[in-house]
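**Q** Quick one: sequence and predicted model below, then my questions.
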Amino acid sequence: MLELAILGFLYDAPLHGYELRKHITALTGHVRPVAESTLYPAIKRLEKAGLLTRETQPGTVAAPRHMLSLTEAGREELRRRLREPARADITDENRWFTVLAFLRHLADPREQANVLRQRLDFLEEPASFFYAGERPLRAEELDDPFRRGILTIARATSRTELTWLRDTLTSLTPKPS
């Protein structure tokens, strides 16, 4: 998720490391804060792989700043990761939001629709946070008001997302002429 976010934000424009961290934190920080000790090793891995470049510029106060830019290989890697998301990128809500934040970088609406269909298929699978044996439990079956709350909130969120997914898929699908 972190590497995808780095590639995604740098796809739009070169950024200094601090600016990149602020952007990533705004997208994912409420769930998974981004520490410098996590961000900078990821940047180094991407740089070593030839996916981004670093250019040292004079700092506004004293310390030099590093401007990060994507290479063409980095742009293609982002598009590849968006076209072929890992299963966890589809099923984990936070990872899904990161994919969704950059899905516009796939120029082909059919490729965008393919990714959205994967999420739609996942959301349409019967699931719950709580089970009776192998059977998923519904909110109405629980006496615990807190667990019932989890399922009620999840159901409302899923319904909203399902509506959005179906509407967006309709808009991405070419009309027969």
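**A** Cool, the structure landed. Numbers count the residues shown, from 1 in each chain.
**Q** Could you list the low-pLDDT ranges of the protein?
**A** Across the chain, residues meeting the criterion (pLDDT under 70) sit at 29-32, 59-62, 177.
**Q** And the longest helix that the chain contains, what's buried?
**A** In the chain, assigned by DSSP state H, the helix with the most residues is helix 145-172. Buried positions in helix 145-172, judged by neighbour count with 16 or more other C-beta atoms under 10 Å: 147-148, 151, 165, 168-169, 172. Where you see a C-beta, it was placed from the backbone N, CA and C, and this is true even at glycine.
**Q** Which one of these is nearest to Ala107?
**A** Nearest to Ala107 among the buried residues of helix 145-172: Leu172, at 12.1 Å, using C-beta to C-beta.
**Q** Next, count neighbours for Arg87.
**A** 10 (other C-beta atoms under 10 Å).
**Q** Phi first, then psi, for it.
**A** Backbone torsions of Arg87, given as degrees, to the nearest 10, read phi -50, psi -40.
**Q** Adjust the sequence numbering to begin at 896 for everything that follows.
**A** Noted, 896 is the first residue going forward, which turns the last one into Arg982.
**Q** Quick check: it vs Arg1014, distance?
**A** Look at Arg982 and Arg1014: by C-beta to C-beta, to the nearest Å, they are 11 Å apart.
**Q** Relative to Ile985, how far out is the residue nearest to the spatial centre of the chain?
**A** The chain has Thr993 as the residue nearest its centroid, 1.4 Å off, counting by C-alpha atoms, centre = their mean. Distance, Thr993 to Ile985, by C-beta to C-beta: 11 Å.
**Q** Tell me where this protein has helices.
**A** 897-907, 912-923, 931-943, 967-978, 982-986, 988-997, 1004-1019, 1040-1067.
**Q** Pro959 is nearest to which of those helices?
**A** Across the helices of the chain, Pro959 has its closest neighbour in helix 912-923 (11.1 Å, C-beta to C-beta).
**Q** For the closest one, name the packing helices and strands.
**A** When contacts are defined as 3 or more C-beta pairs under 8 Å, 6 or more residues apart in numbering; DSSP states H and E, helix 912-923 packs onto helix 897-907, helix 931-943, strand 960-965, helix 988-997.
**Q** Quick check: which of those is buried the most?
**A** Comparing the helices and strands packed on helix 912-923 on average neighbours per residue, with mean count of other C-beta atoms under 10 Å, the densest one is helix 897-907 at a mean of 21.
**Q** Before I go, just wanted to say thanks for your time.
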